[in-house]
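Colleague: Show me the folded form of this:
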Amino acid sequence: MPTIKRKHIKLKRNSICPCDENDKREKPLKYKNCCLKEVRNSEQQIRMLHHHDKRVSKAKKEMDAAIERDNQYAIDHPIIIP
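Modeller: Numbers count the residues shown, from 1 in each chain. I've put the predicted structure just below:
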């Protein structure tokens, strides 16, 4: 079985962060202290948006079902104006 090689290095928490800001520093920061927090924040925002979209779509389905149910029982009567 042939070996599979990665194109990029795998970032671990304690490895040195490969960002451009880290190149300018005298003592480079580890990935967990530099960019990992930003990545986690963006992932958390994506999860929250996905959850919000699910809630909105569920509410729309419930609203459509309620409107359909109300339309079933609606009786059309002519409006008589005296």
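Colleague: Which helix or strand contains the residue at minimal distance from the centre of the chain?
Modeller: By C-alpha atoms, centre = their mean, the chain has its centre lying nearest to Ile46, at 2.0 Å. Take DSSP states H and E as the rule and Ile46 turns out to sit in helix 36-73.
Colleague: Likewise for Asn33?
Modeller: Assigned by DSSP H and E, Asn33 belongs to helix 31-34.
Colleague: in that helix, what's buried?
Modeller: Tyr31, Cys34 (16 or more other C-beta atoms under 10 Å). (C-beta placed from N, C-alpha, C; glycine too.)
Colleague: List of residues touching it?
Modeller: Helix 31-34 has contacts (C-beta atoms under 8 Å, 6 or more residues apart in numbering) with Leu11, Lys12, Arg13, Asn14, Ser15, Ile16, Cys17, Pro18, Cys19, Glu21, Asn22.
Colleague: Count the residues that sit near Lys27.
Modeller: Using other C-beta atoms under 10 Å, Lys27 is surrounded by 5 other residues.
Colleague: same deal with Lys30?
Modeller: Neighbours of Lys30 under the rule other C-beta under 10 Å: 15.
Colleague: Return the residues in contact with the closest residue to it other than its chain neighbours.
Modeller: Leaving aside its chain neighbours, Lys30 sits nearest to Asn14 (5.5 Å; criterion: C-beta to C-beta, 6 or more residues apart in numbering). With C-beta under 8 Å, 6+ apart as the criterion, the residues that contact Asn14 are Lys30, Tyr31, Lys32.
Colleague: Any idea how far the one helix or strand in the chain whose mean pLDDT sits lowest is from the middle of the chain?
Modeller: Every helix and strand of the chain was ranked by mean pLDDT, DSSP states H and E. The lowest is helix 20-24, at a mean of 79. Averaged C-alpha coordinates place helix 20-24 at 29 Å from its chain's average position (C-alpha atoms, centre = their mean, to the nearest Å).
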